[in-house]
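In: Provided below are the primary sequence and the corresponding predicted coordinates.
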Amino acid sequence: MKPNTRKERLEWIKYRKGIDYVMSMYALTDREVKEWFERVYSLYKDLPEYQNIH
C-alpha cells in the first residue's frame, strides 16, 4: 500500500534506501517530500528492503 503521510513516506523510503538517504529529506517541507515521493515511487516500489552492513 502506498504511504499517505509524511511520516509514512519517510519510513517507506528509509526501508528502501536507508537512513542516510532519508536524513537529507528531513529538511524538506511536507509538500516537497510529497512531490519528490510521487516522482520516485514507481522507481523504488519494487526495490528490496535496504540492507545496512555493519
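Out: Structure's in. What do you need? Residues are numbered from 1 along each chain as shown.
In: just list what the lowest-mean-pLDDT helix or strand in the chain packs against, helices and strands only.
Out: Across the helices and strands of the chain, mean confidence by mean pLDDT, DSSP states H and E is lowest for helix 19-23: a mean of 88. The elements that helix 19-23 packs onto, with contact taken as 3 or more Cβ pairs under 8 Å, 6 or more residues apart in numbering; DSSP states H and E, are helix 6-17. C-beta coordinates here come from the backbone N, C-alpha and C atoms, glycine included.
In: which residues sit against the helix it packs on?
Out: Contacts of helix 6-17 with the rest of the structure, by Cβ atoms under 8 Å, 6 or more residues apart in numbering, involve 3, 21-22, 25-26, 30, 33-34, 37, 44, 47, 49-50.
In: show me which pair in those is furthest apart.
Out: Greatest spacing in these, by Cβ to Cβ: 30 and 49 (24.9 Å).
In: for the helix or strand that the least confident helix or strand of the chain is followed by, name the packing helices and strands.
Out: Beyond helix 19-23 on the C-terminal side, the first helix or strand identified by DSSP states H and E is helix 30-44. Other helices and strands packing on helix 30-44, by 3+ Cβ pairs under 8 Å, 6+ apart, are helix 6-17.
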